[in-house]
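J.: Turn this into a structure:
(2 chains)
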Amino acid sequence: MLNTADILETIQMIREENLDIRTITMGISLWDCVSEDEKRFSDKIYDKITRTAERLVAVGQDIEKTYGIPIVHKRVSVTPLSLVGGALSPDGYVRAAHALQRAAETLGINFIGGFSALVHKGMTNSAANLIAAIPQALSETELVCSSVNVATTKAGINMDAIRLMGSTIRKTASLTADRNSIGCAKLVVFANAPEDNPFMAGAFHGVGEPENVINVGVSGPGVVSSAIKRAGDCDLSVLAEVIKKTAFKITRVGQLVATEAAKRLGVPFGIVDLSLAPTPAVGDSVAHILEDMGLESCGAHGTTACLAMLNDAVKKGGVMASGHVGGLSGAFIPVSEDAGMIAAVERGALSIEKLEAMTAVCSVGLDMIAVPGDTPEDVICGIIADEISIGVVNTKTTAVRVIPAVGKTAGDSVDFGGLLGTAPIMPLRAYSPAKFISRGGRIPAPIHSLKN
Amino acid sequence: MKAVITVTGRDSVGIIAAVSAYCAERSVNIQDISQSVLSEFFAMIMLTDIDSMKGTFADFADGLAELGRKRGLDIRAMHEDIFNTMHHV
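T.: Have a look, this model is predicted:
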């Protein structure tokens, strides 16, 4: 039986606390689009994507109305293009990126992911051609997202690939210099990339996935923040319970929407991603949750412990609420997309080193971090290598989405608009890792006994 | 299938009448109403049966939201499952 207090609580979460479903992402296999002919390949992927996801946006909007909950994004992820692109030249991959862009426009979705390569152990010619195409592809399209997996816990770290990504990020920044180097906001370098991630820019439809699938990402930092404020001066055991219960409720809505979308679209349900995904909107910040937990500012000593507890409680609450959990699952800490993170950086409380430590205990990694435009390639490679090694050694996903904003220096900021937000340019260490990076080769996979 | 209509905002004459008339026009049967007024703040919850509803649920919900806007109220219609799944294990 429905209870008045429960109903009003739900309404309040949606109306006052920004509860929403962050994304319904349809994964689409492109294996049957393989072709030697570059034009034919592009035509086939356009046709397959637009045919398969034809009803995605309409069904998403209908579910929003039925349950009265906003579904912010409807998106598509596809098989990593380097796996199905086969004989494509770099120009052929750029053409394919345009086909993805057209498909996204036709469908009315706001991002499409899968301009991706998996090169954690080595690089095929096809992957090398795709990576060579990334700067041009991202500068000439708006909705296409790219990711490259450069390491796994089992394979180790492909440092040659990291070196290549350092120069790819610099080239992408230069080609989109007139737009605040926004191309880099659509490019993620991964360790242990998940195959069922519904969130951009890192979403792709992995090799173990079915023909099509529906994955859902939930949100809700505002709801968690309000629940913590209501809990008052309780101890951390009680606070963990409060977060778990809130995460359960948020995730249940995600599960409901995911099953309903899967049913209406006739596509299998994949996973719910148990995420706290912030937006630049007031009241939708993960940093503010940490401050509600008792920090004067995000970035203070104690931030990593706070985030570790928050992330764990979100997972514990969410796991019971969903049939299948996957994707990135955890709190996201993208700097530019979180009003509290931006404020913490601007007041000098949050540094890139603290962010790096935080990524050891939560989802994703160094995300949406703007650095000076003249940052040398080897320093970008060093940032990537540090972050990727945290993922590899701790058997978790980590990623780097770093934007060397051309023409900007530490203390400036860049505005990407919309959900990508505003990024303060963060200062970096001046010392060079050039010799280490130039060695190339692979860092061997870590040992999994003798843990310390 | 059941839907929950919630009306929140400043109290005024005729809120229940307006929402009830809107439901009747669309053959939506009201099964239960609870309301409370707390220092001029009005909260009403209606449980309705929408099996015989005329038109789509989206149109029904949009119409209610519009009715609310005209009167300075927040009116929402939501499928009961969102409350059941969120609050019941």
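J.: which residues does residue 43 contact?
T.: You didn't say which chain, so I picked chain A. A:D43 is in contact with A:A99, counting by Cβ atoms under 8 Å, 6 or more residues apart in numbering or on different chains. C-beta: built from backbone N, CA, C; applies to glycine.
J.: that answer is for a different chain, and I need it for chain B
T.: When contacts are counted by Cβ under 8 Å, 6+ apart, B:A43 touches A:8, B:6-8, B:35-37.
J.: Nearest to A:A434 among these?
T.: A:L8 (59.8 Å; Cβ to Cβ).
J.: Could you count how many residues lie near that closest one?
T.: 15 (other Cβ atoms under 10 Å in any protein chain shown).
J.: again with A:G283
T.: Using other Cβ under 10 Å, A:G283 has 16 other residues around it.
J.: same question, the one 5 residues further on
T.: By the criterion of other Cβ under 10 Å, A:H288 has 25 neighbours.
J.: thought it was touching A:G340?
T.: Yes: A:H288 is within contact range of A:G340, at 4.2 Å (criterion: Cβ atoms under 8 Å).
J.: any residues in contact with both of these two?
T.: Common neighbours of A:H288 and A:G340 (Cβ under 8 Å, 6+ apart) are A:C298.
J.: which among the contacts of B:A43 end up buried?
T.: B:6-8 (16 or more other Cβ atoms under 10 Å in any protein chain shown).
J.: Could you chop chain A up by domain?
T.: For chain A, automatic domain parsing gives the domain ranges A:23-191, A:218-251+A:270-443.
J.: tell me how far the ends of the first one are from each other?
T.: Right, the one you point to is domain A:23-191. 23 Å (Cα to Cα, to the nearest Å).
J.: just checking, what packs against the worst-scoring helix or strand of chain B on mean pLDDT?
T.: The weakest-scoring helix or strand in chain B, judged by mean pLDDT, DSSP states H and E, is strand B:29-38 (a mean of 88). Packing contacts for strand B:29-38, counted by 3 or more Cβ pairs under 8 Å, 6 or more residues apart in numbering or on different chains; DSSP states H and E, involve helix B:15-25, strand B:41-49.
J.: just so I have it, where are all the helices in the stretch 1-150 of chain A?
T.: For the stretch 1-150 of chain A, applying DSSP state H, counting those that start in this stretch gives helices covering A:4-15, A:38-52, A:56-67, A:81-84, A:90-107, A:125-140.
J.: Just give the closest residue to A:L2, not the sequence neighbours.
T.: Spatially, and ignoring its direct neighbours in sequence, A:L2 is nearest to B:F83 (5.4 Å; Cβ to Cβ, 6 or more residues apart in numbering or on different chains).
J.: So which bits of chain B are right by chain A?
T.: Proximity of chain B to chain A is confined to B:4, B:6, B:8, B:34, B:36, B:43, B:45, B:47, B:57-58, B:61-62, B:74, B:76-87, B:89 under the rule Cβ under 8 Å from any Cβ of the partner chain.
J.: Mind checking which of the residues you listed are buried?
T.: B:4, B:6, B:8, B:43, B:45, B:47, B:57, B:61, B:76-87.
J.: okay but A:F115 is in contact with A:Q136, surely?
T.: No: contact criterion Cβ under 8 Å: A:F115 and A:Q136 do not qualify, at 11.3 Å.
J.: higher neighbour count, those two?
T.: More crowded of A:F115 and A:Q136, by other Cβ under 10 Å: A:F115, with 31 against 18.
J.: wait, what's in contact with that one?
T.: Per Cβ under 8 Å, 6+ apart, neighbours of A:F115: A:81, A:93, A:96-97, A:100, A:130, A:134, A:137-138, A:144-147.
J.: okay, those residues in CSV with neighbour count and distance to chain B next?
T.: Converted to CSV, the contacts of A:F115 look like this (neighbours: other Cβ atoms under 10 Å in any protein chain shown; distance: Cβ to the nearest Cβ, whole Å):
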residue, neighbour count, distance to chain B
A:L81, 29, 36
A:Y93, 27, 40
A:A96, 28, 36
A:A97, 26, 35
A:L100, 26, 30
A:L130, 30, 41
A:I134, 30, 40
A:A137, 28, 37
A:L138, 28, 36
A:V144, 25, 31
A:C145, 26, 30
A:S146, 31, 35
A:S147, 28, 32
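J.: Would you point out the most distant pair within those residues?
T.: A:A96 and A:S147, at 15.2 Å, using Cβ to Cβ across the contacts of A:F115.
J.: who in chain A is up against chain B?
T.: Close to chain B, as judged by Cβ under 8 Å from any Cβ, chain A has residues A:2-4, A:6-11, A:15, A:61-62, A:65-69, A:249, A:252-253, A:255-256, A:320.
J.: Recalculate using a threshold of 10 Å.
T.: Residues of chain A lying close to chain B by Cβ under 10 Å from any Cβ of the partner chain are A:1-15, A:19, A:61-69, A:248-257, A:259-260, A:320-321.
J.: which one among the contacts of B:A43 gets closest to A:G391?
T.: Nearest to A:G391 among the contacts of B:A43, with distances taken as Cβ to Cβ, is A:L8, at 41.9 Å.
J.: Chain neighbours aside, what residue packs nearest to the closest one?
T.: B:A43 (6.5 Å).
J.: likewise A:S413?
T.: A:P424 (4.6 Å).
J.: That neighbour against A:S351, yeah?
T.: No: contact status for A:P424 versus A:S351: not in contact, 11.4 Å apart, counting by Cβ atoms under 10 Å.
J.: Which neighbours do the two have in common?
T.: Counting by Cβ atoms under 10 Å, 6 or more residues apart in numbering or on different chains, the residues touching both A:P424 and A:S351 are A:344-345.
J.: out of the two, which sits in the more crowded spot?
T.: Remark: of A:P424 and A:S351, A:P424 carries more neighbours, 22 against 15, as counted by other Cβ under 10 Å.
J.: Is the more buried one located within a strand, as I assumed?
T.: Yes: counting by DSSP: H, G, I helix; E, B strand; the rest coil, A:P424 falls inside a strand.
J.: Send me stretch B:6-16 as PDB with only the CA atoms.
T.: Output in PDB follows, covering the C-alpha atoms of stretch B:6-16 (Å, rounded to 0.1, in the frame of the first residue of the first chain):
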ATOM      1  CA  THR B   6       0.200  14.700  -6.500                       C
ATOM      2  CA  VAL B   7      -0.800  18.400  -6.100                       C
ATOM      3  CA  THR B   8       1.400  20.700  -4.000                       C
ATOM      4  CA  GLY B   9       1.400  24.400  -3.600                       C
ATOM      5  CA  ARG B  10      -0.400  27.300  -1.900                       C
ATOM      6  CA  ASP B  11      -4.000  26.500  -0.900                       C
ATOM      7  CA  SER B  12      -6.800  28.000  -2.800                       C
ATOM      8  CA  VAL B  13     -10.500  27.400  -3.400                       C
ATOM      9  CA  GLY B  14     -11.400  24.700  -5.900                       C
ATOM     10  CA  ILE B  15      -8.200  22.700  -6.300                       C
ATOM     11  CA  ILE B  16      -9.800  19.300  -5.800                       C
END
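J.: A:G294 - how many residues pack around it?
T.: 13.
J.: ok, now A:T397?
T.: Other residues near A:T397 number 23, with proximity taken as other Cβ under 10 Å.
J.: Leaving out sequence neighbours, find the closest residue to it.
T.: A:T397's closest residue in space is A:N192 (Cβ to Cβ, 6+ apart), at 4.7 Å.
J.: what does A:A201 give?
T.: In this structure, A:A201 finds its nearest non-sequential neighbour in A:C145, 3.8 Å apart by Cβ to Cβ, 6+ apart.
J.: does that neighbour have beta-bridge partners, and which?
T.: A:G113 (DSSP bridges).
J.: Need the pLDDT of it.
T.: Listed pLDDT for A:C145 reads 98.
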